[in-house]
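Enquirer: What would the 3D arrangement of this be:
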Amino acid sequence: MKPHRLKENIKTFALTLLVIVSVVFSVIVWNGTPTDVVVGRSHFFSSPLYGHERLVSDFVKPSAIWIWTNDNELFRLSGESQTAQAILESLQQAQVQFQGVVNESTFILPPSHGPYIALDFGQLLSDGSLWSYALPTFNANGESFASGLIYLTPGPGSGKWSVYFQTQEGVYRIQLTGVSTDLASALTPNDESVPYAQLTFDHQIVNLPYDSLTMRTQTWILADPSPMPIVNSFFRDPSLIQSLSINPKTSVYTDGTREVQLIRHSLGFELYYQAPEFPLQGYHETSYEALSEAVPFLDSHGGFVGHEVLQQVLQYPKLGKVQLLFCEEDNGWPLFSELNRIAIHLTNGEVSQVQRLLPYLQSEVAEQEVHILSGAQLLQVLKSLHLQDVHSITLGYGSKLETLNEVQLVPVYRVVNGTDILYFNARTGKLFHGMGM
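Expert: Predicted coordinates:
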């Protein structure tokens, strides 16, 4: 063989070997690695976790359950209470006897006679795709798009219940048989039941506490995790990341396609992730598809840090986008705060944006019982302020910064008045200005 021919064969073999090694290495980097990869800029993990993983089914639960008794009394149950779990479990063995739109044009919700149990899923069931997680027994009809509360009414007959909810076609009814007798016991108030009243304000009926409830003010220590492990998790190859300081409080990390911004606040860092977006007009993604994509993504990019619940699903079909908002709950009451809040956007079925504050509620160090205003007392406060366009009133918690690493949670009423959102200290009735509120 001629020397130059041998030399060319050696070059060809070497180049082929380099290509194979490059492809293998790219596949390893693209799919992640369970072991640590040390690069010059930082220490990288393929799936850093400073919180904990969650399942999709964890987020498809009622935020609250309303009980209307035989004595015409109203009670509220947390969706996480033991009674709430018993209600959902009692439906698991039920069978659908028949279903369809109620023919009576005068039939309205809530049912006007007798007791009922009302499940509040918000708008989670509005496109019908999450029925199999929420209420698998009722998933006999994929067209069952529920809007508003889902009402359960007993009888007549043992183990027979009717289910009612509003759809675009009218009130929909599902007749169940074989319902556990435990469901009827939920119509009797217990220690988890909070007395409420239906009060009239601004020409509408609102559900508010019947009397002065006892709630807690709480002091929590904030955890301020190191941001870089979670920043690195958003990139396929950490060795390609370049950083840039926009100003003393903002840094940007990018590999040329994806971008993560870290913004320094008094509490710690806020993270904002942005991936390339190429919206497809008319692309439609169901709530089920969006949630099934979002939860595993968050699990592998830091995880969840508290008891977050899925508060909102917003769909923009013309833009091919879906937005999900996860917020914290405390003992069944919503937390109106930027803490433990995660906003995630999907475009064409892929995660395109994530926004979250990295500091989170780590441990409770103090608490104090307080008596809050009843619903009637709160309405007197609102009348004195001449609020004329109130859409909703919700009891929950607000947060305010005590020290650099301590936060106090305070019972508050959230009032939506026109396009404004106002918060009132539930103990004093004064306007409350908290963190991210």
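Enquirer: okay, the closest residue to residue 240 other than its chain neighbours: pLDDT?
Expert: Nearest residue to residue 240, sequence neighbours excluded (CB to CB, 6 or more residues apart in numbering): residue 255, at 4.4 Å. Bear in mind the C-beta positions are built from the backbone N, C-alpha and C, glycine included. On pLDDT, residue 255 comes in at 94.
Enquirer: any idea how far residue 294 is from residue 255?
Expert: Applying CB to CB, to the nearest Å, the value for residue 255 to residue 294 is 22 Å.
Enquirer: When these two are compared, which one has more neighbours?
Expert: Counted by other CB atoms under 10 Å, residue 255 and residue 294 do not tie: residue 294 has more neighbours, with 24 against 16.
Enquirer: And the helix or strand hosting the more buried one, what does it pack against?
Expert: Secondary structure assigned from DSSP states H and E places residue 294 in helix 287-299. If you count contacts as 3 or more CB pairs under 8 Å, 6 or more residues apart in numbering; DSSP states H and E, helix 287-299 packs onto strand 308-316, strand 321-330, strand 342-347, strand 350-357.
Enquirer: To residue 216, which of those lies closest?
Expert: strand 321-330 (8.7 Å; CB to CB).
Enquirer: mind listing what that closest one pairs with, with the direction of each?
Expert: strand 308-316 (antiparallel), strand 333-334 (antiparallel), strand 342-347 (antiparallel) (DSSP bridges).
Enquirer: Which secondary structure element of the chain has the lowest mean pLDDT?
Expert: strand 37-38 (a mean of 36; mean pLDDT, DSSP states H and E).
Enquirer: Number of residues surrounding residue 287?
Expert: Neighbours of residue 287 using other CB under 10 Å come to 22.
Enquirer: let me fix that: residue 317
Expert: Residue 317: 12 surrounding residues under other CB under 10 Å.
Enquirer: Setting aside sequence neighbours, what's the nearest residue to it?
Expert: Residue 317 sits nearest to residue 284 (CB to CB, 6+ apart), 5.1 Å away.
Enquirer: before we move on, the earlier item: just so I know, which of the helices and strands packed on helix 287-299 lies nearest residue 52?
Expert: Smallest distance to residue 52 across the helices and strands packed on helix 287-299 (CB to CB): 10.4 Å, for strand 308-316.
Enquirer: for that closest one, which positions count as buried?
Expert: 308, 309, 310, 311, 313, 315 (16 or more other CB atoms under 10 Å).
Enquirer: next one: it to chain centre, how far?
Expert: On the basis of CA atoms, centre = their mean, to the nearest Å, strand 308-316 sits 6 Å off its chain's mean C-alpha point.
Enquirer: what does stretch 405-414 give?
Expert: Relative to its parent chain, stretch 405-414 has a centroid offset of 19 Å by CA atoms, centre = their mean.
Enquirer: tell me the mean pLDDT over it?
Expert: pLDDT averaged over stretch 405-414 gives 96.
Enquirer: same check, this time on stretch 343-360
Expert: So the average pLDDT for stretch 343-360 ends up being 94.
Enquirer: Just list the residues touching the nearest residue to residue 423 once chain neighbours are set aside, thanks.
Expert: Leaving aside its chain neighbours, residue 423 sits nearest to residue 432 (4.3 Å; criterion: CB to CB, 6+ apart). By CB atoms under 8 Å, 6 or more residues apart in numbering, the contact list for residue 432 reads 398, 400, 410, 412, 423, 424, 425.
Enquirer: And residue 432, how far from residue 426?
Expert: 9 Å.
Enquirer: One more: residue 398?
Expert: Distance, residue 398 to residue 426, using CB to CB: 9 Å.
Enquirer: what sits in contact with each of the two?
Expert: Taking CB under 8 Å, 6+ apart as the contact rule, residue 398 and residue 426 both touch 410, 411, 412.
Enquirer: need the contact list for the last one.
Expert: Looking back up the chat, that one is residue 412. 336, 395, 396, 397, 398, 423, 424, 425, 426, 432, 434.
Enquirer: Could you rerun that using 10 Å?
Expert: Neighbour list for residue 412: 215, 333, 335-337, 372, 394-399, 422-427, 431-432, 434, 437 [criterion: CB atoms under 10 Å, 6 or more residues apart in numbering].
Enquirer: Also the first one?
Expert: By CB under 10 Å, 6+ apart, the residues touching residue 410 are 215-218, 370, 397-400, 423, 425-428, 432, 434.
Enquirer: Okay, and it sits in which element?
Expert: Going by DSSP H and E, residue 410 is part of strand 406-417.
Enquirer: Can you tell me what sits against whatever helix or strand comes next after that strand?
Expert: Where DSSP H and E defines the elements, the next helix or strand beyond strand 406-417 is strand 420-425. With CB under 10 Å, 6+ apart as the test, strand 420-425 has contacts from 336, 370, 372-373, 378, 381-382, 385, 387, 389-393, 396, 398, 410-416, 430-434, 437.
Enquirer: now the angle from the helix holding residue 294 to strand 350-357?
Expert: Angle, helix 287-299 to strand 350-357, by axes from the mean of the first three to the mean of the last three CA atoms, to 10 degrees: 60 degrees.
Enquirer: pull the CA atoms of helix 287-299 into PDB?
Expert: C-alpha atoms of helix 287-299 as PDB (Å, rounded to 0.1, in the frame of the first residue of the first chain):
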ATOM      1  CA  SER A 287     -55.900  20.700  30.800                       C
ATOM      2  CA  TYR A 288     -54.900  17.000  31.200                       C
ATOM      3  CA  GLU A 289     -52.100  17.300  28.600                       C
ATOM      4  CA  ALA A 290     -50.800  20.500  30.000                       C
ATOM      5  CA  LEU A 291     -50.800  19.300  33.600                       C
ATOM      6  CA  SER A 292     -49.200  15.900  32.500                       C
ATOM      7  CA  GLU A 293     -46.400  17.900  30.900                       C
ATOM      8  CA  ALA A 294     -45.900  20.600  33.600                       C
ATOM      9  CA  VAL A 295     -45.800  18.500  36.800                       C
ATOM     10  CA  PRO A 296     -42.900  16.100  35.600                       C
ATOM     11  CA  PHE A 297     -41.100  19.100  34.300                       C
ATOM     12  CA  LEU A 298     -41.200  20.900  37.600                       C
ATOM     13  CA  ASP A 299     -40.300  17.700  39.400                       C
END
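Enquirer: Where does pLDDT dip in the stretch 201-350 of the chain?
Expert: 281-282 (pLDDT under 70).
Enquirer: Please parse the protein into its domains.
Expert: As given by automatic domain parsing, the domain ranges for the chain are 56-192, 225-266+269-358.
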